[in-house]
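Q: below is the sequence, then the predicted model.
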Number of protein chains: 2
Amino acid sequence: MTTELSPDMFAPECPTRQVPLRIGDKWTAMIVLCLEDGPRRFGELLVPLPAITKKVLAETLRAMERDGLVTRTEFPANPPHVEYALTPLGRSLLTLIDAARDWCAEHLPELTEARRAYTSSFSAASKIS
Amino acid sequence: MTTELSPDMFAPECPTRQVPLRIGDKWTAMIVLCLEDGPRRFGELLVPLPAITKKVLAETLRAMERDGLVTRTEFPANPPHVEYALTPLGRSLLTLIDAARDWCAEHLPELTEARRAYTSSFSAASKIS
DNA sequence: ATCGCCGGTTTCGTTGCGGTAACCAGACCC
DNA sequence: GGGTCTGGTTACCGCAACGAAACCGGCGAT
């Protein structure tokens, strides 16, 4: 509800790289979250996703449109602009994304600690040899 | 509970390619499901996953072990063998996987239809031009 | 005329996931 | 000495995702 689109909305280190869960490709879940509170323009989506490039954003939005997750609407006003909005199908992904975020909030520290312990024991072993 | 490990347990066309959701890498979710009912040996995991290779299975299991999702236990009996079992952390992924499967059961036809309609309209347009 | 804004496209290059095929080491069997 | 079973490893490779940077076309403003 009160979510603001801001440059620091997502951590710079892309969570999808560290977390064992992905919705679609690398950016789909974050775009769904950006559109949660209403339609956004192309340029507005670039703001909270500073690491994405225009090319990848366009590709991802096109794939999401193809899959019926978002709609693309051109406004031939002046200057012309484009709005992207979630479809009901795209909105239905929010429950799944929330489930994923709940899992991460609850269990990600365990996973991170396991990974740390594993790699530290490995590097210790390699020091011995 | 009554899940049997069989070669046709998973469709030959890997679902993770058509579905906008992935747990970990390509095979992690399926391995978790294979281990749901108890520990399995390396060779037993190859059976229900006919499309996986030994190399990728070994890599995936090693990554899951590193992340604390499975344990690896060697049995020096004769012939020696290895058993993989879910940890509580790995088992906690099952609720997430079930949520993903529920979403797919409910919404995947919509997505597939949207994709079909999109590509057919696209190919129709290219016929016109 | 040219500048900037918007919403991209184009080109090129890199990275990394996943796959193929061959090989291996220990133990037992014949 | 060769074959088999288990649980891998090694070398190599193709493709798709991802990214950096430049360019573009329509339009209004200056």
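A: Yep, it's here. Computed from a predicted structure; not experimentally measured.
Q: tell me who's in contact with the closest residue to DNA strand C within chain A.
A: As assessed by CB to the nearest atom of the strand, DNA strand C sits closest to A:His81 within chain A, at 2.8 Å. C-betas here are computed from N, CA, C, even on glycine. A:His81 sits next to A:Arg41, A:Phe42, A:Gly43, A:Glu74, A:Phe75 when contact means CB atoms under 8 Å, 6 or more residues apart in numbering or on different chains.
Q: grab the two from these that are most spread out in space.
A: Distance extremes for these: the farthest pair is A:Gly43 and A:Glu74 at 14.0 Å, using CB to CB.
Q: filter the contacts of A:His81 down to the ones in helices?
A: A:Phe42, A:Gly43 (DSSP state H).
Q: what helix or strand does A:Leu61 sit in?
A: helix A:54-66 (DSSP states H and E).
Q: ignore what I typed, I meant A:Thr71.
A: Counting by DSSP H and E, A:Thr71 is part of strand A:70-75.
Q: surely A:Met30 meets A:Gly24?
A: No. A:Met30 lies out of contact with A:Gly24 (CB atoms under 8 Å); the separation is 10.1 Å.
Q: so which residues of chain A form strands?
A: In chain A, the strands defined using DSSP state E lie at A:21-23, A:40-41, A:70-75, A:81-86.
Q: ok, now which ones touch the nearest residue to A:Ala100 once chain neighbours are set aside?
A: Nearest non-adjacent residue to A:Ala100, counting by CB to CB, 6 or more residues apart in numbering or on different chains: A:Leu21, 4.7 Å away. Taking CB under 8 Å, 6+ apart as the criterion, A:Leu21 is in contact with A:Ala100, A:Trp103, A:Cys104, B:Leu21, B:Arg22, B:Ile23, B:Gly24, B:Leu96.
Q: one more time with 10 Å, if that's ok
A: A:15, A:29, A:96-97, A:99-101, A:103-104, A:108, B:21-24, B:28-29, B:93, B:96-97, B:100 (CB atoms under 10 Å, 6 or more residues apart in numbering or on different chains).
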